[in-house]
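missing the sequence, but the structure's below:
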C-alpha cells in the first residue's frame, strides 16, 4: 500500500523506528542521512549493534531469545559479514550523497 493511499494509515503496525525512518525519508532528509551514517558506523564497530538499536521494539519473547549466548554467537557470525558488506556496498556512498544533496536543497529552499 503506498504511503499516500486514501483512507489508509501507512504507518499502522510499523515499529517506531520504521515510522521514524519513513518520516525522515519523506520530511527530513538531513535526519535520515545522519541516521543511516550513524547506524552504518555502529554496525562496522559492532555487528550486534543492530540488535541494541532494535531491542526496545522487540517483543519480550524475542528479547529473551536474542539474549541467549548461543543465539547471540550465531547472530554475530551471520551479521559480521553483513556489517562488512554494508560498508563496502559501492552504491551506499552515492545514496548518502544524494540524500545529503536533497537535504541541502530543501534547506536552501526554506532559508530566506
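Perfect, thanks for sending it. Quick caveat: nothing in here was measured; it's all calculated off a predicted structure.

what packs against the helix or strand hosting residue 33?
For residue 33, the host element (DSSP states H and E) is helix 29-45. On a contact count with 3 or more C-beta pairs under 8 Å, 6 or more residues apart in numbering; DSSP states H and E, helix 29-45 meets helix 16-27, helix 49-54, helix 69-88, helix 91-110. Using the backbone N, CA and C atoms, a C-beta is placed for each residue, glycine as well.

where's the residue nearest to the spatial centre of the chain relative to residue 24, distance?
By C-alpha atoms, centre = their mean, the chain has its centre lying nearest to residue 36, at 5.8 Å. Noted for residue 36: a distance of 9 Å to residue 24, by C-beta to C-beta, to the nearest Å.

ditto for residue 53
Using C-beta to C-beta, residue 53 is found at 15 Å from residue 24.

okay, those two: which has more neighbours?
Applying other C-beta atoms under 10 Å to residue 53 and residue 24 shows that residue 24 carries more neighbours, namely 19 against 15.
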